[in-house]
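Chemist: A predicted structure for the sequence below; I have some questions about it.
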Amino acid sequence: MRIFSGIQPTGRKHLGNYIGAIRQYVEGQDRGDPAIFCIVDLHAITVAYDPAELRERVYDTTAILLAAGLDPERCILFRQGDVMEHAELCWLLSSVTAIGELNRMHQFRDKSAAQRELVSAGLLFYPELMAADVLAYRAQEVPVGEDQREHLELMRDVARRFNARFAPEGQEILVVPEQRTPEVGARIMDLQEPTRKMSTTGGTPEGTVYVLDEPKAIEKKFKRAVTDSGNEIVKSPDKPGVSNLIDILAAARDITPAVVEEEMRSARGYGDLKVAAADAVVELLAPVRERYEALRGDEDALEESLARGAEKARELSAPVLADVRDAMGVGPRR
Ligand code: AMP
Ligand code: TRP
């Protein structure tokens, strides 16, 4: 099973990223043949950013992923901008993508509305580049959170359309990938506004738990988490705050929400649920933060590891690009 996922470069990875995505990467690296993980610096330049800072944030993310358990011996971890096949395939695939489809993407709508100055063409092309990321490796499985569903559907359409247009009858040049999203924790919500997803840009600072938060900060955020009226600890659509805490506790301890509800039956109130969730999250994240501190200090080692990953990534994507170019009639005949 070939697995691929991408992640934005930032040091502010949060609990939603960790449970929805990063933990699945770690689990996927032994199932993956291979498992490929990419820090998407080319996606990060589609909104306003600072060039010097971008490089730092790539190191932050690399160190977080290694601290979470990715092992460069068991997976391929690299920086998107180091492998030019991504940008090239993005351009080639644009010939089988309708502008209307890109224009309708919810994330494009939201992000362009939030831009103060320039709404870049890159922002419109974001999902195209994401399709290229995955299709360049003929990956079969893409571990992501629920918020990426629309992008995954576009990617699948692009692959199908490319095959229909350019592959010989009944054959596939590009693989149509499947989304993989965890059953519990596919969409972790903001602790202060539990009807909004936890997010670095759209959430509240108090309601967002960062992977690198100190245990004290994590406890404080859970203690102040917004709950709902009543006192029953059960998941229900009219209890978004309590449901989110149940899901977080279940995901952090790797049990089902039903088991959490059962265990919490003797609780004295929502306070007990908050304390249990905070304890479980501290236990989950504290070791990651500690390992991060040691890894982040050695930028040369991080750079070396990314460079080796990029070499391996190129070995896999270059032959796919050769097939794509050949099928499209681009460049000399093979
Ligand atoms: P990003 O940092 O935007 O690159 O996101 C990295 C991964 O985290 C993606 O697979 C997202 O789908 C996932 N993700 C982001 N926010 C959440 C959330 N609130 N709950 C679960 N997964 C999330
Ligand atoms: N758009 C994804 C996000 O914001 C990041 C991403 C870029 C990605 N390329 C990808 C995810 C390829 C999966 C596969 O989280």
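Modeler: All right, it came through fine. Ligands and ions are numbered 1, 2, ... in the order given.

Chemist: Do you have the helices of the stretch 151-300 of the chain handy? List them.
Modeler: 215-223, 240-253, 257-263, 270-296, 299-328 (DSSP state H, counting those that start in this stretch).

Chemist: Flag every buried residue along the shortest one.
Modeler: Neighbour-count burial for helix 257-263, counted by 16 or more other CB atoms under 10 Å, picks out Pro257, Val260, Glu261, Glu263. (Each C-beta comes from the backbone N, C-alpha and C, glycine too.)

Chemist: sorry, back to before: deepest-packed of the helices of the stretch 151-300 of the chain, please.
Modeler: Of all the helices of the stretch 151-300 of the chain, helix 240-253 carries the top mean neighbour count, a mean of 24, counting by mean count of other CB atoms under 10 Å.

Chemist: relative orientation of that one and helix 215-223 in degrees?
Modeler: Interaxial angle, helix 240-253 versus helix 215-223 (axes from the mean of the first three to the mean of the last three CA atoms, to 10 degrees): 140 degrees.

Chemist: near ligand 1, anything from helix 240-253?
Modeler: No: with CB under 6 Å from any ligand atom as the criterion, ligand 1 is not reached by helix 240-253; the gap is at least 9.3 Å.

Chemist: Looking at the buried residues of helix 257-263, spot the one nearest ligand 1.
Modeler: Pro257 (15.1 Å; CB to the nearest ligand atom).

Chemist: got a list of what that closest one touches?
Modeler: Val184, Lys235, Ile246, Asp247, Ala250 (CB atoms under 8 Å, 6 or more residues apart in numbering).

Chemist: Widest-spaced pair of those?
Modeler: Val184 and Lys235 (10.3 Å; CB to CB).

Chemist: Report the set of residues contacting both of the two.
Modeler: Asp247, Pro257.

Chemist: per the record, what domains does this structure have?
Modeler: According to automatic domain parsing, the chain comprises the domains 3-184+299-328, 215-293.

Chemist: Reformat the ones you listed as CSV; add mean pLDDT.
Modeler: Formatted as CSV, those follow (pLDDT from 0 to 100):
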stretch, mean pLDDT
domain 3-184+299-328, 97
domain 215-293, 96
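
Chemist: Can you classify the residue of the chain found nearest ligand 2 by secondary structure?
Modeler: For the chain and ligand 2, the shortest gap (CB to the nearest ligand atom) falls at Gly6, measuring 2.7 Å. Three-state call for Gly6 (DSSP: H, G, I helix; E, B strand; the rest coil): strand.
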